[in-house]
Each structure stands twice: as C-alpha cells, then as structure tokens.
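*Asks:* Predicted model and sequence below, questions to follow.
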Amino acid sequence: MWSKLGTYAGIALGGLDMWTNTLFGFSFFGTLKHGKSDAASLEPAAGHKPIDYPKPDGVLTFDRLSSVFLSNTNHEEDQPVHLKVKDMALQETSEYEVYAGPSARYCPAGVYEWVEENGAEKFVINAQNCVHCKTCDIKDPNQNITWVPPQGAKGRSIRICRRSPDRRM
Ligand code: SF4
C-alpha cells in the first residue's frame, strides 16, 4: 500500500488493514502486488546521486563483518560454489558500469566487493560470509546471480573475477 498510495495514505490504510486483520480476521484490501520485481525496480546510477552512507560508530551502528561474525554462520571448507553468476562479463558491463555495483551495498554480509586492482575493477565474491538471505538472487538488476542452498546447508567458497585480459573465476 505504501508503494502504491504513498507514505501518508499507505501508512493510514496499512494501519487500518492491520487492525481489521487482528480484530476481525479479514482484510479490506487482500494481498496486493508490487507493479514490478525488486530487480526491475533498480534504475541506472547515472540518474541518481550517490548516497553518502555514514560510517558505523561502534555504539549504535556496526560494520557488516562484525555482525556476520555475531550471526555465527559456519561453513565447511571446500564446499561447492552456492552463489552462481551466469555471466561474469555482464557483472562488469552492466552491474558495475551501469548500476554502480549495488551488490556491494545490498548484500548484508559484504559478500560482494568491487575492488580496484592495478587500475581495473575486480568483482570478488567472499561466499564464506554468506548468511543466505537470498537478496542477491532477488535484487540483482540482470537476474545474473542465483543463490542455491549450500551443500548440507553449509557452504564456503571464494570466486574472483578479473577484468579482461586477466580474468580468473
Ligand atoms: S544470499 Fe546473497 S545477498 Fe544474502 S548474504 Fe548471501 S550473498 Fe549476500
């Protein structure tokens, strides 16, 4: 409702809907759908200003890797890759160059990084940090990343993609 009707009407009618559901077990509005998928909602970075995210203060906000540590996610070594990138070149030409590498921001575990190396951007996947939220599968603008359950519900892998001519997977 929020995305369809805006903040004020969405909150007011959402509140009404919550109470009718809680008190009477029915909804005036039923189940609403968004007009498009999360992946399709991303727009090219050129049309937007970069957001200056404040650094974590260590009191109320914390860096992602500290939080991953606290999640106690544990993986065995030498597990098969469970984050599958269909087309590594597309990551570079579209995910990075058109969309400014959103994977480095939407992943709550800091699995994806674009790292500058010798003047070129390198896509790094630190799969051992994955907390299996499946956001990348849903949010990647090209639907180029597929999350699969790691072997035995655990997983550990690191994949590195270098820009041509020195590309390694
Ligand atoms: S499922 Fe994807 S977005 Fe979620 S933690 Fe793992 S790599 Fe990151």
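*Replies:* Nice, I can see it.
*Asks:* contacts, neighbours, all on C-alpha from now
*Replies:* Fine.
*Asks:* gap between residue 27 and residue 16?
*Replies:* Computed as Cα to Cα, to the nearest Å, the residue 27 to residue 16 distance reads 9 Å.
*Asks:* Over to residue 28?
*Replies:* 9 Å.
*Asks:* Please enumerate the helices of the protein.
*Replies:* 2-5, 7-24, 38-41, 64-70, 88-90, 103-106, 135-139 (DSSP state H).
*Asks:* who's in contact with the third one?
*Replies:* What it means is helix 38-41. With Cα atoms under 8 Å, 6 or more residues apart in numbering as the test, helix 38-41 has contacts from 138, 139, 140, 141, 142, 143.
*Asks:* Top of those by number of neighbours, please.
*Replies:* When these are compared by neighbour count (other Cα atoms under 10 Å), residue 141 ends up highest, at 25 neighbours.
*Asks:* Count the residues that sit near residue 145.
*Replies:* 22.
*Asks:* Count the neighbours of the residue nearest to it when sequence neighbours are not counted for me.
*Replies:* Excluding the flanking residues, the one nearest residue 145 by Cα to Cα, 6 or more residues apart in numbering is residue 85, at 4.6 Å. Neighbour count for residue 85, taken as other Cα under 10 Å: 18.
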